[in-house]
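Participant: Quick one, structure for this:
(one chain, ligands or ions: 1)
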Amino acid sequence: MKKVLFIDRDGTMILETDDFKIETMEKIVFYPEIFYWLGRIVREFDYELVLVTNQDGLGTNVFPNEPFYTTHKFIMNTFAGEKIIFAEECIDCHYPHDNKDTRKPGTGMLTKYFSADYDLKNSFVIGDRITDVVLAKNLGSRAFWLNDGRGLGVGEIKETRESLAPQIAVESRQWEDIYNYLKKIG
Ligand SMILES: [Mg+2]
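Facilitator: Coordinates of the predicted model:
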């Protein structure tokens, strides 16, 4: 059975911006030390990588596909150049009020992982928002929460932080701590 790291993009692979919209090159700042630590995770452990990101309103006038996708390709190509290859990219373009199960923390785009081929119990979600932790709960996985203090969400979820505590493997702002946890569990 394959284990998966479901990885958020904004706030996790690249730093979040104040407008929560990263569509141009000059807004890209890669998360500190991510290439080193995620690179080691990829080389030393056996996890499939899956990108899971909400991009509210992408493809509409307020957030057109271009330059978003050109910028996105640059980000993913940069990771690929470091041999950090994603098996799948799941990008949801809805708003919270659309109530779509494809939008995190929904698992609508991840149905194929609920199968005998995947070991979700020993898989992890890595993200900066509490919704990423809820996604872990919905998958039956656990979470690495890169909580920068903005991660508590905006009333999108019913769960409390306390009720999600068992889901959180590590809460830290350092990718190094994620590596160390995975190293510890082997
Ligand atoms: Mg995020």
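Participant: What's the local residue count around the residue of the chain at minimum distance from the ion?
Facilitator: Nearest residue of the chain to the ion: residue 11, at 3.5 Å (C-beta to the ion). Where you see a C-beta, it was placed from the backbone N, CA and C, and this is true even at glycine. For residue 11, the count of nearby residues is 22 (other C-beta atoms under 10 Å).
Participant: which residues does the nearest residue to it once chain neighbours are set aside contact?
Facilitator: Excluding the flanking residues, the one nearest residue 11 by C-beta to C-beta, 6 or more residues apart in numbering is residue 128, at 3.3 Å. By C-beta atoms under 8 Å, 6 or more residues apart in numbering, the contact set of residue 128 is 8, 10, 11, 12, 16, 145, 146, 147, 148, 150, 151.
Participant: Give me the distance between residue 128 and residue 65.
Facilitator: Distance of residue 128 to residue 65, given as C-beta to C-beta, to the nearest Å: 24 Å.
Participant: List buried residues within the contacts of residue 128.
Facilitator: 8, 10, 11, 12, 16, 145, 146, 147, 151 (16 or more other C-beta atoms under 10 Å).
Participant: In JSON lines: those, plus pLDDT and secondary structure.
Facilitator: Putting these into JSON lines (pLDDT from 0 to 100; DSSP: H, G, I helix; E, B strand; the rest coil) gives the following:
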{"residue": "8", "pLDDT": "98", "secondary structure": "coil"}
{"residue": "10", "pLDDT": "97", "secondary structure": "strand"}
{"residue": "11", "pLDDT": "96", "secondary structure": "coil"}
{"residue": "12", "pLDDT": "98", "secondary structure": "coil"}
{"residue": "16", "pLDDT": "93", "secondary structure": "coil"}
{"residue": "145", "pLDDT": "96", "secondary structure": "strand"}
{"residue": "146", "pLDDT": "96", "secondary structure": "coil"}
{"residue": "147", "pLDDT": "92", "secondary structure": "coil"}
{"residue": "151", "pLDDT": "66", "secondary structure": "coil"}
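Participant: Closest one to residue 23 out of the residues you listed, please.
Facilitator: residue 10 (10.6 Å; C-beta to C-beta).
Participant: Would you mark the buried spots in the top helix by length along the chain?
Facilitator: Longest helix of the chain, by residue count under DSSP state H: helix 65-81. Judged by neighbour count using 16+ other C-beta under 10 Å, the buried positions of helix 65-81 are 68, 71, 72, 75, 76, 79.
Participant: Am I right that residue 4 is in a helix?
Facilitator: No - counting by DSSP: H, G, I helix; E, B strand; the rest coil, residue 4 is not found in a helix; it is strand.
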